[in-house]
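Chemist: For reference, the sequence and a predicted model appear below.
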Amino acid sequence: MKLPQPDKSSLKPTLVISLVVASLVLTTMWFREGDRGPVHRLQNAMQAMAAPAEVTGEFVTRPIRGVVRWAEDLGVSRSELETLRAQNTKLRERVAGLEEARLENARLRALAGFVQQGQVKPLLARVIGRPENSWEGVVTIDKGTADGVRASMPVVAAGGLLGQTTRVTGHTAKVRLISDQGSGVASIIQSSRAEGVVRGSIQGALNLDFVNRDATVKPGDVVITSGLGGVYPKGLLVGEVTKVANTPAGLYQSISVAPSADLKGLEEVLVLTGATPAQLQVGSGE
Amino acid sequence: MHRVLPTIGAVLVAVVLQAGLAPYLAIGGVVPNFMLLVVVTLAFVEGPQAGAMCGFGAGLLFDLLGSGPVGPMTLVLTLTGYVTGLLQENMFAEGWLLPLTVLALASLGAEVAYGLILMLLGVGEPMIGTFFTKMLPGAVYDSVLALLVYPWLARFLRRERAMTTFKRLA
């Protein structure tokens, strides 16, 4: 038996050609126009209209995600548990040391008459949407211009830096994660002060690029934001170096970084509002 | 297009599912593409012209939903809808093999074309790196989902012909 055949006489190549041309025109317009152009505004309107669906999806799937996470945690082996316990002990020691350093820092700043110029106002936001396709590392939060959120504001999660806001509507905002392929964060290695740029990738892996070959970098080194570029304030925790490789012909070191923040299981985040990003300066760690 | 309202309804439902459900069905960072399923199914039951038109609308909505450039998925789904309709008309296979083959080819073609366009626009990564991590898994995922929803979607989009299973399609 054969399939029912559509009427071939109705085929109009001009139609598909017109649609292809329209697609190309749209793409060109998107790149050429500014953020206030018609296509961008249409995209913002769509983002606002999709928010209820995203909120519903987040709410409905929450119990299932909880069960999945619980099941994943059951798979933690005894050896992993021991490793985590040892790591926990080490971290507690480090926190104690850092607390001492923080108190000392506060005393020294008070003595030097330090005035913090940036007025950082952390704004708590809930993640209501996750990447809608395989090609983007972008999440949606439930705060927008009505709450004081603007584009290019840093966003942090419990563990560290998360990303920055991109498209903002009245009550929602898109946050480009540091793991997105279009993301770049000016960073430094905390111990050696070697500068570089943490870049995301389509696979979601982080790499620290443009670090000179003569800089000392080793696995376990902490990576923080350098404050260069005017978007991210200095001193935010980005991640930890996991792998360092040098090729004979390479100009820079090839450094892999594990993000400090949990970029996948996001629930709540903080948007650093209250001042222009370039003005924001938190503890430098220097 | 013979059945405009069901098509619009199917596309709108796909948009809602893409925004609300697809992110939570992601496996290893690969998110299913519900818009592609609707376009391929419609092209399969209605032919290239309807497929191209549906592809344009669904692709545009997909692009508007994301935060990347508007236009690449519009172009890809327009061509996917058109080519799928042509494949359906010109391939000679019987039983469930034809829709399965066309769905798999359309999924892979759409994923590869989208990645290629993003790369050409300077917002994607080299093809070699993404083929095995995004395109191929995405095509397989979409094909598996298509196998599950195709008979029901095809029946909804063209109710005058009974299409409850692949076997009855042939």
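Modeler: Received it, and whenever you're ready, just let me know what you need.
Chemist: List the residue ranges of chain B that fall below the pLDDT cut-off.
Modeler: Residues of chain B meeting the criterion pLDDT under 70: B:1-2, B:91-96, B:124, B:158-170.
Chemist: I'd guess residue B:67 is in a helix, am I close?
Modeler: No. Counting by DSSP: H, G, I helix; E, B strand; the rest coil, residue B:67 is not part of a helix but coil.
Chemist: what about it, how many neighbours?
Modeler: Number of residues near residue B:67 (other C-beta atoms under 10 Å in any protein chain shown) recorded here: 23. Every C-beta, even on glycine, is put in place using the N, C-alpha and C of the backbone.
Chemist: Check the one 3 residues further on too.
Modeler: One way to gauge burial is a neighbour count; for residue B:70, by other C-beta under 10 Å, it gives 24.
Chemist: OK, contacts around it?
Modeler: Neighbour list for residue B:70: A:26-27, A:29-30, A:39, A:42-43, B:60, B:63-64 [criterion: C-beta atoms under 8 Å, 6 or more residues apart in numbering or on different chains].
Chemist: Restricted to helices, list these.
Modeler: A:26-27, A:29-30, A:39, A:42-43, B:60, B:63-64 (DSSP state H).
Chemist: who does the helix or strand harbouring residue B:85 touch, helix- and strand-wise?
Modeler: Assigned by DSSP states H and E, residue B:85 belongs to helix B:72-90. Under the contact definition 3 or more C-beta pairs under 8 Å, 6 or more residues apart in numbering or on different chains; DSSP states H and E, helix B:72-90 sits against helix A:13-32, helix B:34-46, helix B:48-65, helix B:97-120.
Chemist: Go ahead and confirm residue A:175 touches residue A:168.
Modeler: No. Using C-beta atoms under 8 Å, residue A:175 makes no contact with residue A:168, being 9.9 Å away.
Chemist: who's more crowded, these two?
Modeler: With neighbours defined as other C-beta under 10 Å, residue A:175 and residue A:168 compare such that residue A:175 has more, 30 against 24.
Chemist: Just checking: what are the partner strands of the host helix or strand of the more buried one?
Modeler: Using DSSP H and E, residue A:175 maps to strand A:173-177. Applying DSSP bridges, strand A:173-177 is found paired with strand A:138-141 (antiparallel), strand A:161-168 (antiparallel).
Chemist: Quick check: which of these is nearest to residue B:29?
Modeler: In terms of C-beta to C-beta, the element of these nearest to residue B:29 is strand A:138-141, at 12.7 Å.
Chemist: For the closest one, list every residue counted as buried.
Modeler: Buried residues in strand A:138-141, counted by 16 or more other C-beta atoms under 10 Å in any protein chain shown: A:138-141.
Chemist: Name the nearest of the residues you listed relative to chain B.
Modeler: Chain B lies nearest to residue A:138 out of these, by C-beta to the nearest C-beta, at 4.7 Å.
Chemist: Just to check, the closest one is in contact with residue A:179?
Modeler: No. Between residue A:138 and residue A:179 there is no contact under C-beta under 8 Å: 10.2 Å.
Chemist: For the stretch 51-200 of chain A, just list every one of the helices.
Modeler: With DSSP state H, counting those that start in this stretch as the criterion, the stretch 51-200 of chain A has helices at A:78-112.
Chemist: residue in the stretch 51-200 of chain A nearest to chain B?
Modeler: In the stretch 51-200 of chain A, the residue that lies nearest chain B is residue A:57 (2.9 Å; C-beta to the nearest C-beta).
Chemist: just to revisit the earlier point, for the helices and strands packed on helix B:72-90, which one ends up most surrounded?
Modeler: Ranked by mean neighbour count, the helices and strands packed on helix B:72-90 are led by helix B:34-46 with a mean of 29 (mean count of other C-beta atoms under 10 Å in any protein chain shown).
Chemist: And that one, what does it pack against?
Modeler: With contacts taken as 3+ C-beta pairs under 8 Å, 6+ apart, helix B:34-46 sits against helix B:4-20, helix B:48-65, helix B:72-90, helix B:97-120, helix B:136-157.
Chemist: for the residue nearest to the spatial centre of chain B, what are its contacts?
Modeler: Nearest to the geometric centre of chain B sits residue B:36, at 1.9 Å (C-alpha atoms, centre = their mean). Applying C-beta under 8 Å, 6+ apart to residue B:36 gives the contacts B:58, B:77, B:80, B:106-107, B:110, B:142.
Chemist: And those, which is closest to residue A:251?
Modeler: Using C-beta to C-beta, those come closest to residue A:251 at residue B:110, 37.4 Å.
Chemist: The closest one reaches residue B:75, doesn't it?
Modeler: No. Shown here, residue B:110 and residue B:75 do not form a contact pair, counting by C-beta under 8 Å, at 10.4 Å.
Chemist: With adjacent residues omitted, what lies nearest to residue B:111?
Modeler: Excluding its sequence neighbours, the residue lying closest to residue B:111 (C-beta to C-beta, 6 or more residues apart in numbering or on different chains) is residue B:135, at 4.2 Å.
Chemist: Alright, calling it a day.
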